[in-house]
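Q: What follows is a predicted structure for the sequence shown.
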Amino acid sequence: MQLGDPITEQGASDRQPFMAFVADERTESLLLEITEALLLPDECVRRSSIQEACLYLEDVRSPSLLIVDIDGVDDPVDQIVALSEVCELGTRLIVLGANNDVTLFRDLLGIGAADYLVKPLTKEQVMASISSLDDGGSGLSIMGRTGKIISVISARGGSGSSTITANCGAIVAQETSKRVVLVDLDTHFGDLALTLGADARGGLADALNQPERIDSLFLERVSSQAAERLYVVGGEESFSENIGNSRDGIDALLNELKTQFHYVIVDVPRSTSEVVYRTLQLSGLVLVVSDLSLTGMRDAARLFKHIKEANPGCQIGLIANKVGENPRAEIPISEFEKGAGWKIDFQVPFEANTVLKAANLGEPITAGRGNIGKTLKQIADRYIGVDQSRQNKQSSKKGLFASLSRKG
């Protein structure tokens, strides 16, 4: 099987359970026996180098279980780090090689590989390694590697948290190889899907009401793909729909999402519900969005106190949005910061034509489009790590398999 041959058409919900990239005919034959025993197609096994595997996995979703062969590779640890940058969360990695070196074994496990098997291999040896993962043995998910949860909340209605959420998420998905999901917790009036031109499939109410139903298949059904690597979970529920308000539902939803996405960005409505409070508790970063009004200043101060009580260890940022929309009614920056008790990190300028055009077309404001696009790009760089991701691709030795174990 050659590298250019497709495994399957990769749609929004397609993810292969298994792929193997091997260097020699004997290993290929052995793994074909294993795929036959596991009732998997022969196309799962490919004769190709780890460099070719990296190129291939840039364009398709990485599998749940990945086997790669480093036989003959001069810099195996660096190559595994490069491979990790194109693989998504939840991928478990088994490495094959001919070098029976304890130091290499430790290095590979240190950057997140689940196992290192030395050639010549036996069928029983490989099956035992795979079975240990299925039985809860060593592997990436056991190491706690999950995505980061970011909450965006408006201090005042109409401040534009949905605009910040949608566009920063789109920039991250577009400029990195990371998978991003946007969660619209306003189940009745949310407009994230509409902003990005995606279908509002609904299902969020089901998730919050019936947390026992939440698994990867359920999320595939309720999420809409807005762009490559960018998904939206939300709903346009009936006004009579009773939405669950327990922590069990939001716990199950966010915990499942962060095993599948590098970034889970939640557009949080202004509410005192248990779902909102629990979302703030689970977030590693909370962004407060406000205009420069007196009401915005007052409620931003109240929100900061609330967030710090709910989640003392999280990072908090303040974004002033729609700056210049109504200059006569805006409080000077220094006075706003004094009253809110927080320094403004970014000022997003008011550019009505740019925002309205993008909203009417159902597309994000691309990075660099006007001053607002430049500012949104800076926000994504600072808080979500677009620039850091780009640096990791070039020189990082830490690898995605092991580096995303930070708090939610």
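A: Thanks, I have it. Numbering: from 1, shown residues only.
Q: Please list all residues in contact with Asn371.
A: Under the criterion of C-beta atoms under 8 Å, 6 or more residues apart in numbering, the neighbours of Asn371 are Pro349, Glu351. Where you see a C-beta, it was placed from the backbone N, CA and C, and this is true even at glycine.
Q: and the helix or strand containing it, how far out from the chain's middle?
A: Using DSSP states H and E, the element containing Asn371 is helix 370-379. How far helix 370-379 lies from its chain's middle: 21 Å, per C-alpha atoms, centre = their mean, to the nearest Å.
Q: again with stretch 356-366
A: Counting by C-alpha atoms, centre = their mean, stretch 356-366 comes out at 22 Å from the chain centroid.
Q: who touches it?
A: Applying C-beta under 8 Å, 6+ apart, the contact partners of stretch 356-366 are 163, 166-167, 170-171, 174, 194-198, 227, 354-355, 372-373, 376.
Q: I'd like to know how many residues surround Ser216.
A: The local packing count at Ser216 equals 15, with neighbours defined by other C-beta atoms under 10 Å.
Q: okay, how far is it across stretch 209-220, tip to tip?
A: Between the start and the finish of stretch 209-220 there is a gap of 18 Å, counting by C-alpha to C-alpha, to the nearest Å.
Q: Could you list the buried residues of it?
A: Under the neighbour-count criterion of 16 or more other C-beta atoms under 10 Å, stretch 209-220 has Pro211, Ile214, Phe218, Leu219 buried.
Q: Next: stretch 321-337.
A: By neighbour count, with 16+ other C-beta under 10 Å as the criterion, the buried positions of stretch 321-337 are Asn321, Lys322, Val323, Glu330, Ile331, Phe336, Glu337.
Q: So for the third one, what's the pLDDT?
A: Spelled out, that is Val323. Per-residue confidence (pLDDT) for Val323: 95.
Q: and it, bridged to which residues?
A: Note on Val323: beta-bridge partners by DSSP bridges are Pro349.
Q: my guess is it meets Ile344, correct?
A: No. Contact status for Val323 versus Ile344: not in contact, 9.4 Å apart, counting by C-beta atoms under 8 Å.
Q: which sections of the stretch 1-150 of the chain are below the confidence cut-off?
A: Within the stretch 1-150 of the chain, the set of residues satisfying pLDDT under 70 comprises 1-14, 134-145.
Q: Strands along that one, start to end?
A: Taking DSSP state E, counting those that start in this stretch as the criterion, the stretch 1-150 of the chain contains strands spanning 18-22, 45-47, 65-69, 92-97, 115-118, 148-154.
Q: one step back: mind listing which of the buried residues of stretch 321-337 are in strands?
A: Among the buried residues of stretch 321-337, the members falling in strands are Asn321, Lys322, Val323 (criterion: DSSP state E).
Q: Among these, which one sits closest to Arg247?
A: Using C-beta to C-beta, the shortest approach to Arg247 within these belongs to Asn321, at 29.5 Å.
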